[in-house]
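K.L.:
let's see this in three dimensions:
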Amino acid sequence: MKKLLTFILPMLILSSCTANNSQSDKHTSRTITPGDNNVLVAYFSVTNNTEKLAEYAKEYLQSDIFEIIPTQEYTAADIDYNSDCRANKEQNDESARPEIKYTISDISQYDTIVLGYPIWWGQAPKILYTFVESYDLSNKTILPFCTSGSSPIGSSATNLAKSAPNAKWLEGKRFPSSADKEEIGSWLDQNLQKEEGVKNMKLLIDDIELNVTWEDNDSVKSLKQILPLTIRMHEYGGFEQTGAIGKSITKNDSQIDVVPGDVVLYQGSAISIFYDNSSWSYTRLGHINLSKSELNDLLNKSEVILHLKGE
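P.N.:
Predicted coordinates for the structure are as follows:
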């Protein structure tokens, strides 16, 4: 989380050094290019209450930030809730998905998204559904927050989560517009530090802890997010033990030659450990540092129990 996005779009909130850009500088790009960190603050704000807290979060996390801007921006009349206004019509229409003016070119680098929005009639504005449904958020951690005068976050986040069921949604929180930087920082610490706490991963087979050299890739990061895991593995083909994870995680399969000790992800939802050579389409996860004969003694049986633990 070292660099901020470097596009010049004041309404998309951009630099850690604030510049006074003129109105003509706004909205000059159609695509937002991520920086080099793995946390994104994304928010929608009409009256700037949510924007202020999103800025606090960005500053605290030193993260990228993205404003969800509608193609047809909301006027004061559009959010006059005492009339038959645009916002009321959208909130009462299950199919409403207001178009978003800009996109994120590659959301895959983000492991965590802090998602902010105001409460409109007890729910997230329908443009939040547009955002959530526009990207593959599988295996990402999403931490929602809302702003309102008095309405709680209620079911707004859980309803949003239905549009991205393969993401990991943390419990959200409602903030008043008066919330300060310290309050936002404390809340982020309580939630995200736990998510980033798994630094190392232990692999045990039948309660024997093994020395593993793990790959530095998105699949290993994704695997760490769902620890601990216990998998009953079964012998297959005379060269591997394999077992289902129970869910799909990030994969990047390619045709590879595997050797004894290799730990791989198969089709995004199963782990295989080899005690002999093979070749197939896998994603590498790591390598167990044992000899072929030691691996054969450990794995050449009808089944083993695999434990993966974080620390």
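
K.L.:
least confident secondary structure element in the protein?
P.N.:
The helix or strand of the chain with the poorest confidence is strand 31-32; it has a mean of 64 (mean pLDDT, DSSP states H and E).

K.L.:
next SSE downstream of that strand?
P.N.:
strand 39-43 (DSSP states H and E).

K.L.:
against which helices or strands is that next one packed?
P.N.:
helix 49-61, strand 64-67, strand 112-118 (3 or more C-beta pairs under 8 Å, 6 or more residues apart in numbering; DSSP states H and E). Every C-beta, even on glycine, is put in place using the N, C-alpha and C of the backbone.

K.L.:
packing partners of the shortest one?
P.N.:
Using 3+ C-beta pairs under 8 Å, 6+ apart as the contact criterion, the elements in contact with strand 64-67 are strand 39-43, helix 49-61.

K.L.:
list the buried residues in the longest one.
P.N.:
In other words, helix 49-61. 49-61 (16 or more other C-beta atoms under 10 Å).

K.L.:
right, so of the helices and strands packed on strand 64-67, which gets closest to residue 100?
P.N.:
strand 39-43 (10.5 Å; C-beta to C-beta).

K.L.:
wait, residue 226 sits on residue 249?
P.N.:
Yes. With contact defined as C-beta atoms under 8 Å, residue 226 reaches residue 249; the gap is 6.9 Å.

K.L.:
tell me which of the two has more neighbours.
P.N.:
Neighbour count, other C-beta atoms under 10 Å: between residue 226 and residue 249, residue 249 has more, with 22 against 16.

K.L.:
can you read off the backbone torsions of the closest residue to that one other than its chain neighbours?
P.N.:
Leaving out its chain neighbours, the residue that sits closest to residue 249 by C-beta to C-beta, 6 or more residues apart in numbering is residue 222, at 4.1 Å. Main-chain dihedrals, residue 222, degrees, to the nearest 10: phi -70, psi -40.

K.L.:
can you show me the strands along the stretch 201-311 of the chain?
P.N.:
201-205, 208-210, 212-214, 229-236, 240-244, 254-258, 262-266, 270-274, 278-288, 303-310 (DSSP state E, counting those that start in this stretch).

K.L.:
and these: which comes nearest residue 187?
P.N.:
The nearest among the strands of the stretch 201-311 of the chain, by C-beta to C-beta, is strand 303-310 at 23.1 Å.

K.L.:
so where's the protein uncertain?
P.N.:
Across the chain, the ranges flagged by pLDDT under 70 are 1-37, 193-199.

K.L.:
A strand includes residue 142, no?
P.N.:
Yes. Applying DSSP: H, G, I helix; E, B strand; the rest coil, one finds residue 142 inside a strand.

K.L.:
residues in contact with it?
P.N.:
Contacts for residue 142 (C-beta atoms under 8 Å, 6 or more residues apart in numbering) come out as 112, 113, 115, 161, 164, 167, 168, 169, 170.

K.L.:
how much space separates it from residue 170?
P.N.:
7 Å (C-beta to C-beta, to the nearest Å).

K.L.:
ok, the residue nearest to the spatial centre of the chain to residue 54 distance?
P.N.:
Geometric centre of the chain, nearest residue: residue 140, 2.2 Å, by C-alpha atoms, centre = their mean. Distance from residue 140 to residue 54, counting by C-beta to C-beta: 18 Å.

K.L.:
burial of the nearest residue to residue 306 once chain neighbours are set aside, as a residue count?
P.N.:
Distances taken as C-beta to C-beta, 6+ apart place residue 231 nearest to residue 306, at 4.4 Å, with adjacent residues excluded. The burial count assigned to residue 231 is 17, neighbours taken as other C-beta under 10 Å.

K.L.:
so how far is residue 269 from residue 231?
P.N.:
Relative to residue 269, and taking C-beta to C-beta, residue 231 is found at 11 Å.

K.L.:
what is in contact with the two at once?
P.N.:
244, 245, 246.

K.L.:
just the buried ones among these, please.
P.N.:
Judged by 16+ other C-beta under 10 Å, buried ones among the shared contacts of residue 231 and residue 269: residue 245.
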